[in-house]
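**Student:** Kindly return the folded structure for what I paste below:
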Amino acid sequence: MSIEEQYVNSLFAESLKRTSESAWPEWSLDEIAGRLAEISGSGATAALTFAFSLVVEAQQQGGPVGWVTSCGSCFYPPDAARRGADLNALVVVRLPDARVIPRAGEKLLRSGAFALVVLDIGAGDISMALQARLAALAREHHAALVCLTEKEERDFSLGSLISLRVHARRRRISEGELKCELKVLKDKRRGPTWSQAEVCRGPLDGELSVEPAGLC
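**Tutor:** Coordinates of the predicted model:
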């Protein structure tokens with residue numbers, strides 16, 4: 001092969017690589033692995049729906065998942081099971097003081113045993129020093145770290161070290177169906193240029209639901 005042909009082939013290979021890297025992304029474990037991500041939501045939110053899509057994906061790949069929350073807040077287990085989560089394999093840590101949730105997440109990440117760690121911090125915050133350690137551990141172990149926060153779309157993210165910030169919401173589209181939407185507000189890899197939506201089961205009119213169906 002001549003030098004000219006080798007050069008043309010190298011240009012073609014580089015073009016294919018750029019095309020692959022810029023391909024339309026989707027909400028998935030591969031997209032978030034090694035990153036510090038935030039799912040925000042308020043009111044009719046779909047944060048848990050999109051968080052548990054990652055839980056199910058990680059478990060299907062054989063990856064352990066840790067979920068850290070406060071004693072006063074937790075997902076609704078029957079909805080999580082209907083979503084496909086293996087509750088027996090899900091490590092759930094419930095803490096009396098929500099302020100220590102990020103530090104508990106740091107310990108889980110530092111173990112190197114988890115493919116995904118979810119921190120349900122609500123209206124809480126994480127110091128920049130701790131964010132730096134969490135981001136470094138996520139990169140080191142190629143683990144996905146997802147923070148669930150309660151805030152409006154217009155509110156600031158947890159901090160500059162958040163690699164991916166998405167806002168989740170849901171709305172009823174028909175009896176028994178909800179549309180769960182995810183809007184990317186910040187993506188350091190690709191820019192805030194993409195979104196995702198899916199239809200989830202919701203309560204029928206007149207049907208009692210202890211927690212919002214389709215998670216929330």
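
**Student:** Next, count neighbours for the closest residue to V93 other than its chain neighbours.
**Tutor:** Leaving aside its sequence neighbours, V93 sits nearest to V68 (CB to CB, 6 or more residues apart in numbering; 4.5 Å). To be clear about C-beta, it is placed using only N, CA and C from the backbone, and glycine gets the same treatment. Residues near V68, counting by other CB atoms under 10 Å, number 26.

**Student:** Which pLDDT value belongs to V68?
**Tutor:** The score at V68 is 98. That number is its pLDDT.

**Student:** need the contact list for it.
**Tutor:** V68 sits next to 92-93, 95, 101, 104-105, 108, 117-120 when contact means CB atoms under 8 Å, 6 or more residues apart in numbering.

**Student:** mind putting those in JSON lines, pLDDT, neighbour count and secondary structure included?
**Tutor:** Formatted as JSON lines, these follow (pLDDT from 0 to 100; neighbours: other CB atoms under 10 Å; DSSP: H, G, I helix; E, B strand; the rest coil):
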{"residue": "V92", "pLDDT": "97", "neighbour count": "14", "secondary structure": "strand"}
{"residue": "V93", "pLDDT": "97", "neighbour count": "16", "secondary structure": "strand"}
{"residue": "L95", "pLDDT": "97", "neighbour count": "15", "secondary structure": "strand"}
{"residue": "I101", "pLDDT": "98", "neighbour count": "24", "secondary structure": "helix"}
{"residue": "A104", "pLDDT": "98", "neighbour count": "17", "secondary structure": "helix"}
{"residue": "G105", "pLDDT": "98", "neighbour count": "28", "secondary structure": "helix"}
{"residue": "L108", "pLDDT": "98", "neighbour count": "24", "secondary structure": "helix"}
{"residue": "V117", "pLDDT": "99", "neighbour count": "30", "secondary structure": "strand"}
{"residue": "V118", "pLDDT": "99", "neighbour count": "29", "secondary structure": "strand"}
{"residue": "L119", "pLDDT": "98", "neighbour count": "26", "secondary structure": "strand"}
{"residue": "D120", "pLDDT": "97", "neighbour count": "25", "secondary structure": "strand"}
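
**Student:** all helices for this structure, in order.
**Tutor:** Using DSSP state H, the helices of the chain run over 3-21, 29-32, 47-60, 77-83, 101-111, 128-141.

**Student:** S28 reaches Q60, doesn't it?
**Tutor:** No. With contact defined as CB atoms under 8 Å, S28 does not reach Q60; the gap is 11.5 Å.

**Student:** in the sheet, who's paired with E150?
**Tutor:** G41 (DSSP bridges).

**Student:** tell me, how many neighbours does C180 end up with?
**Tutor:** For C180, using other CB under 10 Å, the count is 25.

**Student:** so what's it closest to, chain neighbours aside?
**Tutor:** The shortest distance from C180 to any non-neighbouring residue, by CB to CB, 6+ apart, is to A46 (3.7 Å).

**Student:** Tell me how far that neighbour lies from F52.
**Tutor:** Distance, A46 to F52, by CB to CB, to the nearest Å: 10 Å.

**Student:** go on, I39?
**Tutor:** To F52, I39 is 11 Å away according to CB to CB.

**Student:** for R169, same thing?
**Tutor:** Using CB to CB, R169 is found at 16 Å from F52.

**Student:** do the same with L145
**Tutor:** Shown here: L145 relative to F52, a distance of 16 Å by CB to CB.

**Student:** Please identify which of those two sits among more neighbours.
**Tutor:** L145 (30 against 23).
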